[in-house]
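Trainee: fold the following for me, if possible:
(chains A and B)
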Amino acid sequence: MFYREAGDFKTSYTEDNQTFPIKFDRYRYYAVLVFAFAVVPFVINDYWVNAVFLPFLIYAIAAIGLNILVGYCGQVSLGTGGFMAVGAYAVYKLMTSFPDVSMFIHVILAGVITAGVGVLFGLPSLRIKGFYLAVATLAAQFFLVWLFNRVPWFYNYSASGQISAPERTVLGVPITGAETAPWAAYLFCLVFVTVCAIIARNLTRGMAGRKWMAIRDMDIAAEIIGVNPLKAKLTAFAVSSFFVGISGALFFSVYLGAVEVGEVFGINKSFLVLFMVIIGGLGSIFGSFAGAAFLVLLPVLLKNTLVGGLGWPTDLAAHLEFIIVGALIIIFLIAEPHGLAQLWRVTKEKLRLWPFPH
Amino acid sequence: MKLKLATAAIAAVMAAGPALADLTFSALSYRTGPYAANGIPFADGYIDYFTLLNERDGGINGEKVNIVECETGYNTEKGVECYESTKGSGALVYQPLSTGITYQLIPKVTSDNIPLHSMGYGRTSAKNGKVFTNIFNYPANYWDGASHAVTHILDINGGDISGKKIALVYHNSAYGKEPIRTLEELAKKHGYELTLLPVDHPGQEQKSQWLQIRREKPDYVLMWGWGVMNQVAVQEAVNIRFPMENFIGIWWSGSENDVLPAGEGANGYKALTFHNLGSDYPFYADLKKYVVDTGKTAGAGDQLGTALYNRGMYAAMLAAEAAKTAQEIHGTTAITPAMMRDGMENLEMTEAKMTALGLPKFGPEFKVSCENHGGDGYGAVAQWDAVAKEWNLITDYFQSDQEILAPLIEEDSAAYAAENGITPGC
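Mentor: Numbering: from 1, shown residues only, chains lettered A, B, ... in the order given. All right, here's what the predicted structure looks like:
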């Protein structure tokens, strides 16, 4: 009824190709943006920021980054945790070496550094594919974590090998450290998520994205039609690592504040982000958000319902959480192998015809 | 469905929100995950102590104790969530039992003005109360532990260990790296040779480290392990027939879980401790009467008397005593976290106090002050008796080498103060 193309005339190529071609969708998107930027910051508190919004936003960036590599370019990577660690340690070195520079610049630079490291570890992808590439990126994961644990320069020779974020500001407002106001941390991450999502969306539907998808679908055919595999694969690694690096930098500096590399950026993190991408939907920006929301918010929700609401013992609730989340993952993947994004697509198709499906 | 879930979530958050009139203590415990075997007894001991206070005395000076438990799984992200969700309930003190979570909470609790007690773990230089106003790590810390181990080795060898070889097997994390500096400084002073052998999380794979020990034949092996790493290390030491009485673990490597799997072979293994062991105390009679027999024990109730259960109890005891001190200072029974901080800073544990609590000689005597948040660094050595299946203290409480430790603590806390723009003061 409301959700339809009919009567919404497009008179230019740009209009025809916009991300949300349906008016209802477009207004919903604007409403979400206005709500996120103009309403949430005023009502948000410490708990909502630290337990819900920050992890969701930051994982969403990581998932977008990995989705570009795995979903759009078809290069399986298990090195996400390691690349996030690069982002975290890069931002740590930057913020301790140049305390007066704005955090915005530090985080972006951390992304750039991670992109460089990503390209380096992306080189094997020119020779090896599929599972073998996954193993090569796995090596990156272990090597990077080992490196940050081993070389004291990275953690400024602190006694424990932990890195902790001192207070740094953007335009005079503290963004890291204990004195950060909830709204500041939230808005800082939200800006990064929004910009990253817009960049990713536009990259993936442009020339670069089409090249990646051509490589993903069949690399020999892509090469024959004139896609340079070296350039396509390495740009995918670079862009993907850039996003992952930004998420790692935010994860350490804004969200956790203190990080121990083996515990926070271990292999578990790589799998977690990969699961987000798979559950959310490969090759979909919306899917990255949906996957991050599913795996970050569901455990918190379950915990609050079981322990806070029903008063069950914490260990029982923690175990049940594993069972429920695991079962839901299986059910979702059986019901819809293409992830939450595909479910959303199907819903949209149905909505177009509603309430007269015939 | 979505709406229902959302409503449930909001209802749950709101239910967890309102502050209660009682004294609230948070228990950030871990009963799941790779370190659950060690997390469970500690959490049980901590909660049972408060349950006893509620059942026997009606709380602390008439104020009932309310425990908010939150499962961290030894995971720092869940630790943050737990801290934020329990903070609103007015928790008086945090004891996360994880060095990683402690590091993360140090700036947060300081800004929220809630005290944090990391008993025998966490950031060692937090002992300097001039810099770390809200962090306490009495009665002993890792650097004390390192010094205790070396002092014990000195005692065995009649005060001369120059030329001896000591190996440190450690968990390759913030926790395991803590003693290295101290051991290096002590090596300069006493002239022993130190070998470092890191073991990666979770520590099931230690063959190469123990092969190296077999080859280099160090005179003593020290261990900084946690969870499954301890059991594996003890078993490996038995396998290479390393003399167990020369194998000394930190207090976190000295629970029954760590030695029982190795059976008879573990006999003679030593571990440090800063509190007494076993269940031979008048306190345990009360515990049986008011908590065990009434079925109010936390968890499965099968951990009573184990080393880590006693440690949880000791942590709860210190918290309760600090709360009493705070009530005296401020003349009110309904204390706030800020008042609790004052109570912790003025806490004095004496033999008379512990005897009155039914736990004579349970821990060392110490007094906390504004400058010194870490006690006097007294600890003891316990030895495992594999036949009787119990730990026995083989030394009295003795002090760590303050001459070496004090400048290290000063230096590390000054670095922290400079990095975070804190002006030390008291």
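
Trainee: switch to C-alpha atoms for all contacts and neighbour counts from now on
Mentor: Will do.

Trainee: any idea how far B:P360 lies from A:S97?
Mentor: 52 Å (Cα to Cα, to the nearest Å).

Trainee: let me redo that: B:V381
Mentor: Separation of B:V381 from A:S97 (Cα to Cα): 44 Å.

Trainee: give me the element the residue nearest to A:A159 when sequence neighbours are not counted is part of.
Mentor: Nearest residue to A:A159, sequence neighbours excluded (Cα to Cα, 6 or more residues apart in numbering or on different chains): B:E178, at 6.2 Å. Taking DSSP states H and E as the criterion, B:E178 maps to helix B:174-190.

Trainee: is the next helix-or-strand element following that helix in proximity to chain A?
Mentor: Counting by DSSP H and E, the next helix or strand C-terminal to helix B:174-190 is strand B:193-199. No. Strand B:193-199 does not reach chain A (Cα under 8 Å from any Cα of the partner chain); its nearest approach is 10.3 Å.

Trainee: okay, strand B:193-199 in CSV with CA atoms only?
Mentor: The C-alpha coordinates for strand B:193-199 follow below in CSV (Å, rounded to 0.1, in the frame of the first residue of the first chain):
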residue,chain,number,x,y,z
GLU,B,193,70.1,-16.4,36.4
LEU,B,194,66.6,-16.0,35.1
THR,B,195,65.0,-17.8,32.1
LEU,B,196,61.6,-16.7,30.8
LEU,B,197,59.2,-19.3,29.3
PRO,B,198,56.0,-17.8,28.1
VAL,B,199,52.9,-20.1,27.6
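
Trainee: more neighbours: B:P360 and A:S97, which one.
Mentor: B:P360 (17 against 10; other Cα atoms under 10 Å in any protein chain shown).

Trainee: assumed that one was part of a helix.
Mentor: No. Under the criterion used here (DSSP: H, G, I helix; E, B strand; the rest coil), B:P360 is coil, not part of a helix.

Trainee: now do the phi/psi pair for it.
Mentor: Here is the backbone geometry of B:P360 (degrees, to the nearest 10): phi -60, psi 140.

Trainee: now it: closest residue in space that isn't a chain neighbour?
Mentor: The nearest residue in space to B:P360 (Cα to Cα, 6+ apart) is B:M354, at 5.2 Å.

Trainee: buried set for whichever strand or helix holds that neighbour?
Mentor: Using DSSP H and E, the element containing B:M354 is helix B:351-356. If you call a residue buried by 16 or more other Cα atoms under 10 Å in any protein chain shown, then helix B:351-356 has these buried ones: B:351, B:354.

Trainee: so what's the one residue in the stretch 51-200 of chain A that gets nearest to chain B up against?
Mentor: Nearest residue of the stretch 51-200 of chain A to chain B: A:S160, at 4.3 Å (Cα to the nearest Cα). A:S160 sits next to B:173-178 when contact means Cα atoms under 8 Å, 6 or more residues apart in numbering or on different chains.

Trainee: could you redo the last one with a cut-off of 7 Å?
Mentor: A:S160 makes contact with B:174-175, B:177-178, according to Cα atoms under 7 Å, 6 or more residues apart in numbering or on different chains.

Trainee: next one: phi and psi at the closest residue to chain A within the stretch 251-400 of chain B?
Mentor: Chain A sits closest to B:G299 of the stretch 251-400 of chain B, with a gap of 8.5 Å, by Cα to the nearest Cα. Main-chain dihedrals, B:G299, degrees, to the nearest 10: phi 60, psi -140.

Trainee: how many neighbours does it have?
Mentor: B:G299 - counted by other Cα under 10 Å - has 18 other residues nearby.

Trainee: one more: A:M218?
Mentor: The burial count for A:M218: 11, using other Cα under 10 Å.

Trainee: could you check the pLDDT of it?
Mentor: With respect to pLDDT, A:M218 scores 92.

Trainee: look up how far A:L306 lies from it.
Mentor: A:M218 is 47 Å from A:L306, by Cα to Cα.

Trainee: check B:L393 too.
Mentor: 43 Å.

Trainee: equivalent analysis for A:N45, please.
Mentor: In terms of Cα to Cα, A:N45 sits 22 Å off from A:L306.

Trainee: before we move on, what about B:G301?
Mentor: Using Cα to Cα, one gets 22 Å for the distance from B:G301 to A:L306.

Trainee: tell me which of these two has more neighbours.
Mentor: Using other Cα under 10 Å, the more surrounded residue of B:G301 and A:L306 is A:L306, with 20 against 15.

Trainee: who's in contact with that one?
Mentor: A:312, A:317 are the contacts of A:L306 under Cα under 7 Å, 6+ apart.

Trainee: would you confirm that it belongs to a strand?
Mentor: No. Applying three-state DSSP, one finds A:L306 to be helix, outside a strand.

Trainee: which one of the contacts of A:S160 is nearest chain A?
Mentor: B:A174 (4.3 Å).

Trainee: need phi/psi at the closest residue in space to the closest one that isn't next to it in sequence.
Mentor: The shortest distance from B:A174 to any residue other than its chain neighbours is 4.3 Å, reached at A:S160 (Cα to Cα, 6+ apart). Torsion angles at A:S160 (phi, psi; degrees, to the nearest 10) stand at phi -100, psi -10.

Trainee: distance check, A:S160 against A:S97.
Mentor: Distance from A:S160 to A:S97, counting by Cα to Cα: 20 Å.

Trainee: what does B:Y46 give?
Mentor: B:Y46 is 43 Å from A:S97, by Cα to Cα.

Trainee: gap between the residue of the stretch 301-426 of chain B found nearest chain A and A:V49?
Mentor: Checking the stretch 301-426 of chain B residue by residue against chain A with Cα to the nearest Cα singles out B:N420 as nearest, at 5.5 Å. Remark: distance between B:N420 and A:V49 (Cα to Cα) = 23 Å.

Trainee: before we move on, the earlier item: packing partners for the helix holding B:E178?
Mentor: For helix B:174-190, the elements it packs on are helix B:142-156, judged by 3 or more Cα pairs under 7 Å, 6 or more residues apart in numbering or on different chains; DSSP states H and E.

Trainee: buried stuff in the helix it packs on?
Mentor: B:142-153.

Trainee: one more: stretch A:332-345?
Mentor: Neighbour-count burial for stretch A:332-345 [16+ other Cα under 10 Å]: A:332-333, A:337-343.
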